[in-house]
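> Please work out how this folds:
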Amino acid sequence: MKFAKIVAIEYELPSHSLSNEDLARQFPEWDVAKIFGKTGINDRRIVAENECASDLGLRACEKIFDSGVIERSDVDCLILCTQSPDYVLPATACILQHRLGLPTQCAAFDYNQGCSGYIYGLGMAKGLIETGQVKNVLLVTAETYSKYINEGDKSVRTLFGDAAAATLIQAADETVALDRFRYGTDGSGAQNLIVPVGGSRFPAAQNLDLESRKDESGNIRTDADLYMNGPAILEFSLTRVPELFESLFDENFTTEMVDHFVFHQANKFMLDTLKRRLKLPEEKFVREFEHCGNTVSSTIPIALKESMEKGKLKEGDMVACVGFGVGLSWAACTVRF
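Below is the predicted model of the structure:
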């Protein structure tokens with residue numbers, strides 16, 4: 001039997017940066033130190049007006065091919081996680097398959113999952129490979145949340161950045177490298193992180209005269225913009241994530257056997273609180289979002305790649321990955337590198 005194994009990870013950030021200094025000039029009540037103290041973020045990367053998820057995903061995938069680890073002709077499955085597709089239809093994965101020059105025998109599909117999406121993608125890749133359906137999966141996560149964010153809404157503008165990551169997962173003869181997948185969903189919280197207008201329920205074409213509103217905290221948005229109920233998302237995370245995390249472990253697999261803990265890189269306050277609640281050692285707790293912000297489905301692969309480049313993540317290391325957020329959804333797994 002073949003087992004699914006992560007072989008390579010690359011990521012791509014847009015060239016334009018939105019710094020804390022930029023935000024402080026627009027929101028004088030939030031100085032640079034306050035923004036960083038709350039978020040742990042210095043810079044967020046923002047796509048150009050004509051730049052989309054497939055553009056970022058394309059450049060991340062090209063880095064995989066440039067490394068020489070695989071030929072385009074050998075990719076037989078492209079999975080794309082995005083909540084900001086190029087079009088309502090067709091699937092952005094189909095567009096990306098053509099732009100990358102992948103074989104027409106390659107499967108390609110989108111899925112819309114968000115902050116837990118990377119782990120869902122790893123789970124699908126594992127299933128496809130270990131049932132013998134495919135051999136080489138390109139898992140792409142790509143988001144341009146900035147297109148959904150009102151410039152007057154500091155509650156989300158201080159957090160989110162645009163990015164894409166590409167992960168090559170291959171069939172290998174080695175023992176299990178992707179394991180202990182756990183999933184969860186609570187759609188009753190869907191309204192707490194949402195773009196209300198733009199889908200079939202409330203089509204954008206029927207809501208062109210969208211009124212800007214200011215909330216009690218001074219944030220400005222329309223119904224076509226991203227809305228986040230911060231307190232509700234925090235409560236969800238601090239309730240569900242510890243339960244999810246603890247479900248990874250048993251008498252045969254303990255936290256002491258893990259070399260690195262990579263959580264969805266939401267923000268400093270969220271990660272600090274979870275680390276403290278779960279009693280995790282700081283030296284094993286990965287933080288890699290200061291330079292790019294919360295990049296949604298790409299936070300975990302970016303953190304993994306940064307850890308590899310810095311020499312922290314080495315061959316043979318055991319990693320526990322935990323994703324959580326929009327949906328509401330959550331997922332976790334272990335990765336042996």
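> Any idea what Leu80 is bridged to?
Following DSSP bridges, Leu80 is listed with bridge partners Asp110, Val140.
> Contacts only, for it.
By Cβ atoms under 8 Å, 6 or more residues apart in numbering, the contact set of Leu80 is 53, 57, 91-93, 96, 108-111, 140-142. C-beta coordinates here come from the backbone N, C-alpha and C atoms, glycine included.
> Tell me the one of the residues you listed nearest Thr334?
Of all the contacts of Leu80, Thr334 sits closest to Thr141, with 19.0 Å by Cβ to Cβ.
> Quickly note the distance from that closest one to Val322.
For Thr141, the distance to Val322 equals 16 Å [Cβ to Cβ, to the nearest Å].
> So for those two, which residue has more residues nearby?
More neighbours surround Thr141 than the other of Thr141 and Val322, with 31 against 23 (other Cβ atoms under 10 Å).
> Name the nearest residue to the more buried one, sequence neighbours excluded.
Computed as Cβ to Cβ, 6 or more residues apart in numbering, the closest residue to Thr141 that is not its neighbour in sequence is Ser297, at 3.9 Å.
> shouldn't the one you found be in contact with Leu139?
No: with contact defined as Cβ atoms under 8 Å, Ser297 and Leu139 do not form a contacting pair (9.9 Å).
> which residues are common contacts for these two?
81, 118, 121.
> and which of those is nearest to Leu304?
Nearest to Leu304, judged by Cβ to Cβ, of these is Tyr118 at 9.2 Å.
> Tell me, how many residues neighbour that closest one?
30.
> so it sits right up against Ile300, yeah?
Yes: with contact defined as Cβ under 8 Å, Tyr118 counts as touching Ile300 (4.6 Å).
> who touches both of those two?
Counting by Cβ under 8 Å, 6+ apart, the shared contacts of Tyr118 and Ile300 are 321, 323.
> ok now do the residue nearest the centre of the chain, which residues does it touch?
The C-alpha lying nearest the average C-alpha coordinate of the chain belongs to Ser297 (Cα atoms, centre = their mean; 1.3 Å). Ser297 is in contact with 81-83, 113-118, 121, 141-143, 323, counting by Cβ under 8 Å, 6+ apart.
> neighbour-wise, which of these leads?
Ranking the contacts of Ser297 using other Cβ under 10 Å puts Ala142 first, with 36 neighbours.
> quick one, what contacts that residue?
Residues in contact with Ala142 (Cβ under 8 Å, 6+ apart) are 53-54, 56-57, 60, 80-82, 84, 92, 163-165, 297-298.
> change it to 10 Å
Residues in contact with Ala142 (Cβ atoms under 10 Å, 6 or more residues apart in numbering) are 11-12, 52-61, 80-86, 92-93, 96, 110, 162-166, 295-298.
> Got the confidence number for Asp209?
Asp209 is assigned a predicted lDDT (pLDDT) of 71.
> actually Pro203, sorry about that
On pLDDT, Pro203 comes in at 89.
> tell me how far the helix ranked longest in the chain is from the chain's mean position?
As assigned by DSSP state H, the longest helix anywhere in the chain is helix 230-246. Its chain's C-alpha centre and that of helix 230-246 lie 17 Å apart, by Cα atoms, centre = their mean, to the nearest Å.
> For that helix, name the packing helices and strands.
The contact analysis (3 or more Cβ pairs under 10 Å, 6 or more residues apart in numbering; DSSP states H and E) places helix 230-246 against strand 178-185, strand 193-194, strand 260-263, helix 268-278, strand 318-325, strand 329-336.
> Alright, that wraps it up for me.
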